[in-house]
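# Quick one, structure for this:
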Amino acid sequence: MAELGAHLTAASAGDDRPSIFEAVAQDSLMAAVKPALQHLVKVLAESNPGRYGFLWHWFDEIYILLDVLLQQHYLARCSASFSENFYSLKRIPTGDCGQQPLATAGLPKRQHWKSLLLLVLVPYLKGKLEKLVSSLREEDEYSIHPPSSSWKRFYRAFLAAYPFVNMTWEGWFLIQQLCYILGKAQHHSPMLRLAGVRLVRLTAEDIQALEKKLAGSTSSQMHSIKTQVQSAVRKALGGIAFSLSTGLSVSVFFLQFLDWWYSSENQEMIKSLTALPTPPPPVHLDHGAGSALLPKLKTVCPLCRKIRVNATALSTSGFVFCYRCAYSYVKAHQRCPITGYATELQHLVKLYSPES
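Residues are numbered from 1 along each chain as shown. Predicted coordinates:
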């Protein structure tokens, strides 16, 4: 059995293809970076919504901008994405079976831009689609639209079809990986096939060329303002990419620490470490023009200024509103109208009294 599966981890002497484990590991590396940064931004936004709330609201757009800078830097410098270069891999055009170009030569322009778009745009659109499906499911649970409305029928059909579309997408990747394992395909991912490239291992010549390029870029002298500006831009992009790459290990450690800190198994230990008096209720933190003020009567909704109907609390702040008022406000602004804490629709908790 070991002999039959040896080809999965070890390549033959003349084979430059990475093993399936190397290929999947580099895919998983970039997939783990975004949740780690997202968790960090969420903690910052909850601790100080006035200062860091915009980071949480525009996280996807800020992340895709940083991802574009990072991937562009590594594609231009190493002919590989950040995660592929981390595992000593590079991209070459499909069908290039002769003398392989060095990693410093870069990809042809067509393959370069296709690789950049597929590396950055596809995960961004997939994440947006998953958020859209999640929000539509929440709306369907709340059922505020009339059952006979055409919009409700449309997105219910969309919600019913999405699992099959997602299954087809994931199945496409699985079939491609199985073909790669069996030696029937040059690519382990359909995205590489669409980009017109395949992955190979870095050679000793590639590593030497990368080292010479790095040493040459640091020792070269600038002779014109245009060259100095271009060099400054390249250094800035390189600094950002280097900071992201070197901070990856620290981010992973920090994420593991947060997982331990907030895990249910350690709640008793955390309570003993943070044995402090119960804090007072949240105060009014959002002083914007559109923020709501607390009414004098506790039975009045802070938004509509009328007696509450279908009392609903926000679990992020504890304040109580009318259900429709809270739902409409949170859906439009993604925050508590009193404290400004980042809030989503799943944080609405309906309250039931014995009288009702």
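# which SS class is Gly95?
With DSSP: H, G, I helix; E, B strand; the rest coil as the basis, Gly95 sits in coil.
# Can you name every helix or strand that the strand or helix carrying Arg324 contacts?
Using DSSP states H and E, Arg324 maps to helix 323-333. When contacts are defined as 3 or more Cβ pairs under 8 Å, 6 or more residues apart in numbering; DSSP states H and E, helix 323-333 packs onto strand 311-314, strand 348-350. Every C-beta, even on glycine, is put in place using the N, C-alpha and C of the backbone.
# what's the closest of the ones you listed to Gln176?
Taking Cβ to Cβ, strand 348-350 is the member of the helices and strands packed on helix 323-333 nearest to Gln176, at 41.6 Å.
# what is the mean pLDDT for the closest one?
Averaging pLDDT along strand 348-350 yields 90.
# again with stretch 18-33
The model assigns stretch 18-33 a mean pLDDT of 86.
# A strand includes Phe321, no?
Yes: membership of Phe321 in a strand is supported by three-state DSSP.
# quick one on the thing from earlier: among the helices and strands packed on helix 323-333, single out whichever gets nearest to Phe164.
Using Cβ to Cβ, the helices and strands packed on helix 323-333 put strand 348-350 closest to Phe164, at 30.0 Å.
# Please list the residues outside the closest one that contact it.
With Cβ atoms under 8 Å, 6 or more residues apart in numbering as the test, strand 348-350 has contacts from Asn310, Ala311, Thr312, Ala313, Leu314, Ser315, Tyr323, Ala326, Tyr327, Val330.
# The second one bridge partners, please.
In this structure, Ala311 bridges to Cys322 when assessed by DSSP bridges.
# My guess is it contacts Leu351. True?
Yes: taking Cβ atoms under 8 Å as the definition, Ala311 is a contact partner of Leu351 at 4.4 Å.
# Which one of those two is surrounded by more residues?
Just comparing Ala311 and Leu351: by other Cβ atoms under 10 Å the higher neighbour count belongs to Ala311, 19 against 12.
# In contact with that one, which residues?
So Ala311 contacts Val320, Phe321, Cys322, Tyr323, Lys350, Leu351, Ser353 (Cβ under 8 Å, 6+ apart).
# Repeat that for Pro93.
Contacts of Pro93 (Cβ under 8 Å, 6+ apart): Leu107, Pro108, Gln111, Gly196, Val197, Arg198.
# Got the phi and psi for the last one?
Main-chain dihedrals, Arg198, degrees, to the nearest 10: phi -140, psi 160.
# a helix runs through Thr104, doesn't it?
Yes: according to three-state DSSP, Thr104 belongs to a helix.
# secondary structure class for Arg305?
Applying three-state DSSP: Arg305 is coil.
# tell me the phi and psi of it?
Dihedral angles for Arg305 - degrees, to the nearest 10 - are phi 60, psi 30.
# Show the contacting residues for it.
Pro295.
# hey, what's in contact with both of Ala311 and Leu351?
Common neighbours of Ala311 and Leu351 (Cβ under 8 Å, 6+ apart) are Val320.
# Quickly compare the helices and strands packed on helix 323-333 and say which is most buried.
Each of these was scored by mean neighbour count; the highest is strand 311-314, a mean of 20, by mean count of other Cβ atoms under 10 Å.
# Tell me how confident the model is about that one, as a mean pLDDT.
The model assigns strand 311-314 a mean pLDDT of 91.
# which stretch among the helices and strands packed on helix 323-333 comes nearest Ser134?
Per Cβ to Cβ, nearest to Ser134 of these: strand 348-350, 14.7 Å.
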